[in-house]
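# All I have is the shape, not the residue letters:
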């Protein structure tokens, strides 16, 4: 394995894992409901980056056949993970929308976004 | 104290993830008999779809896309149910900073162009990067721009709901037509045409256009519902 | 063949998209259409189940691509039995909630029935699908409907319970995605049968990591310890019929997903011991918590968690007798817990805090509901001659055959705890003085109908367990036969 690829690997996997950890920290430790939702979105972003980097191929091209003779290249990056990420992004959007609407409901009910002050149920 | 424990746990988890993933080969094809090569070969020969991601999303794993569209539909329904209030009067939205004339005039100018771009993206989803989800999102950003610029801009909930439902019904109907015409759900029962033509890929572009309409209507509906939230 | 498994997904989706349009013209249709769909699907699934028991599993491919390239649905004796059970319970939930609260407006009612139908469809999809990523999509469909249904009542603390559920749900979905990515990066396929065929080529470290992430990701739906923190809040805040739907339908699909992963996809022996241990912890934790509860639905929720622990222990035994007992337990839990939720909801209908004390003395003013609740309580603790007795008996036999004497002792002790807290409630209903402020609520005809149907099933299965054991034997044989599953799926042609 040559050096540039190794740096790329550290860059992609490393930043994806750091994003996941940052998101987890936000979701677990932050006191504001909005920040918790943002944390969940950051976890999703990290996961998507991780998935995309699994499919990376050195000097690969986008998995789209184009040009004059529609070159059938064996050097295309993995299209499957890209399709999976497309699905995962849409699902993540749906969950985030529902989460934010719940936050609006909680704010309407309690008049605050602090998680410490919304504790009618045991956490 | 809690912070330290959580940080330690996160560090351990991060190390574990890193140790797992750094040993997965990076930048080379991992497997010899995976589904990837089959997809790359058959998107040209079997389907005549230039964009492999589109052919996976709409045909090979089309069932996922149906589920995905359903997730969006459910999110829109869930929003309506969670934020429901009796006495739903359509008042003016509360706006902290009204948009200036320049923004208003500019939005009017940009709005048709954004819609056109969105339509272009989802019509050419099988030929170029893009597709129904991307195009639908672009259309929704057009509506978002108008909603932000004009305080009294209204989108009819009924029309959105009709577009959304019709697109969904047609999606499932095309699936069932494939069931009748070809024997399996969502099967491609139309001629696939020539690779690279606008009319190629059989049902793939039709379904992606329907997805575009549905996603555009749903995202606009979600934005509109949340923007009309008062007493915040 | 009378129909195709893909209709279980396509028809409800079509109906869900039609309902908003039809609702503009004819308002009552939003309540009626889901019921018609469920009736049709139930008859379809009974027909298909009959066909499958005679002719072997039906593998349905989608979009004309055979496995492992396309997505496939598997309707075998095992999954078909669960689908039929879920649709039957779903139909009863629909009947029960048809006129549950009279003062609900049109808009929320429309959303309620759409979301309820999609909750059932998503659970059916989890059971039928033969593709791990497709399963993830269905889990998210179930998740979003469940969050919205939990937060349905605006008056209670339901948004808080739902938010809690949502955070746990989306964290676990992240783990699921990680597990899927790890398996894909090793094998390059997402089809369950294809993964199962090639899993022995994967290095153990990836196998174990993927398994752990799968179990964390799916454990939340299956109420596995320690991922079940959401359950008591959600059950106590959600509308009564929705609680029954969670206990009867959603949790079943979560357990199915875990079992499919452990039994079919992975070939790790230790996973079975893990199921036994985690099941026992879940059971002990839940039953000790249940005895401390002062609120009706929280007590039922903890009891539900405990039962799922028991099911996991039974699956962890790993023999065919164990699987048979586990399936019987699942069947009984679905029927009896639904009955308890239905009857319990009406017992505390007009009480604001839903305390157990509020049911005192209701035996006279609500005779049928009280009787059905008592019936459910007797059945779930395993008293003969009710349905719960047989499943516990088969479970103990299966455990004894595998030489797990300690486990038998533990289960019997836990059963005593169960008896204590259920009989406390029954005792209150019949032998305490009525609380002055409690107004009894007459059940609607629909609710009464669905409760009586469940009560009859409890009694009939109690006297004639042979009615169900035949199907259960076929289903457990089907689950145990892993090579058959792989061959059936991968040999299908278009």
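Done, it's in. These figures come from a predicted structure and were not determined experimentally. Numbers count the residues shown, from 1 in each chain, chains lettered A, B, ... in the order given.

# buried residues in stretch B:95-105?
Of all the residues in stretch B:95-105, those buried under the rule 16 or more other Cβ atoms under 10 Å in any protein chain shown are B:99, B:104. C-beta: built from backbone N, CA, C; applies to glycine.

# Could you do stretch C:404-411 as well?
Applying 16+ other Cβ under 10 Å to stretch C:404-411 flags C:404, C:407, C:410, C:411 as buried.

# starting at the chain centroid, how far to it?
A distance of 25 Å separates the centroid of the chain from that of stretch C:404-411, by Cα atoms, centre = their mean, to the nearest Å.

# So which of the buried residues of stretch C:404-411 is the closest to chain B?
When the buried residues of stretch C:404-411 are ranked by distance to chain B (Cβ to the nearest Cβ), residue C:410 comes first, at 30.3 Å.

# any chance you could read off phi and psi for residue C:191?
Phi and psi for residue C:191, reported as degrees, to the nearest 10, are phi -80, psi 130.

# That one: neighbour count?
Using other Cβ atoms under 10 Å in any protein chain shown, the number of residues around residue C:191 comes to 25.

# which helix of chain A spans the most residues?
Determined from DSSP state H, the single longest helix within chain A is helix A:79-110.

# Is chain C within reach of it?
Yes. Residues of helix A:79-110 contacting chain C under Cβ under 8 Å from any Cβ of the partner chain: A:80-81, A:84, A:87-88, A:91, A:94-95, A:98-99, A:102-103, A:105-106, A:109.

# For that helix, give the mean pLDDT please.
Helix A:79-110 carries an average pLDDT of 91.

# pLDDT weak spots in chain B?
B:30-33, B:86-94, B:230-232 (pLDDT under 70).

# if we can go back for a sec, ok, so of the buried residues of stretch C:404-411, who is nearest chain A?
Ranked by distance to chain A (Cβ to the nearest Cβ), the buried residues of stretch C:404-411 are led by residue C:410 at 26.8 Å.

# does residue A:112 sit in a helix, a strand or a coil?
At residue A:112 the chain is in coil, as set by DSSP: H, G, I helix; E, B strand; the rest coil.

# what are the phi and psi values for it?
phi -150, psi 160.

# Can you list the residue ranges for helices in chain B?
Going by DSSP H, chain B shows helices at B:2-21, B:35-45, B:52-55, B:62-82, B:101-123, B:132-149, B:157-182, B:203-227.

# Residues contacting the third one, please?
Spelled out, it's helix B:52-55. Helix B:52-55 is contacted by residues A:63-65, A:76, A:79, A:82-83, A:86, B:39-40, B:42-43, B:47, B:49, B:125-126, B:131, B:201, B:204, B:208 when judged by Cβ atoms under 8 Å, 6 or more residues apart in numbering or on different chains.

# among the helices of chain B, which is nearest residue A:5?
Shortest distance between residue A:5 and the helices of chain B, using Cβ to Cβ, is found for helix B:2-21: 14.9 Å.

# Can you tell me which helices and strands the closest one packs against?
Contacts defined by 3 or more Cβ pairs under 8 Å, 6 or more residues apart in numbering or on different chains; DSSP states H and E place helix B:2-21 against helix A:3-29, helix C:204-219.

# which residue packs closest to the residue nearest the centre of chain B, ignoring adjacent ones?
For chain B, residue B:133 is the residue whose C-alpha lies nearest the centre (Cα atoms, centre = their mean; 2.5 Å). Distances taken as Cβ to Cβ, 6 or more residues apart in numbering or on different chains place residue B:215 nearest to residue B:133, at 5.5 Å, with adjacent residues excluded.

# what do you get for residue B:7?
That would be residue A:25: by Cβ to Cβ, 6+ apart, it lies 7.6 Å from residue B:7.

# circling back to that earlier point, right, is the longest helix of chain A up against chain B?
Yes. Applying Cβ under 8 Å from any Cβ, one finds helix A:79-110 touching chain B at A:79-80, A:82-83, A:86-87, A:89-91, A:93-95, A:97-98, A:100-102, A:104-105, A:107-108.

# quick check: angle from that helix to helix B:35-45?
100 degrees (axes from the mean of the first three to the mean of the last three Cα atoms, to 10 degrees).

# Go ahead and measure how far helix A:79-110 is from the middle of the chain.
Mean-position distance between helix A:79-110 and its chain equals 11 Å (Cα atoms, centre = their mean).

# Mind giving me the packing neighbours of that helix?
Counting by 3+ Cβ pairs under 8 Å, 6+ apart, helix A:79-110 packs on helix A:33-54, helix B:35-45, helix B:52-55, helix B:62-82, helix B:132-149, helix B:203-227, helix C:132-150, helix C:158-187.

# can you pull the contacts of residue C:397?
When contacts are taken as Cβ under 8 Å, 6+ apart, residue C:397 is in contact with C:321, C:325.
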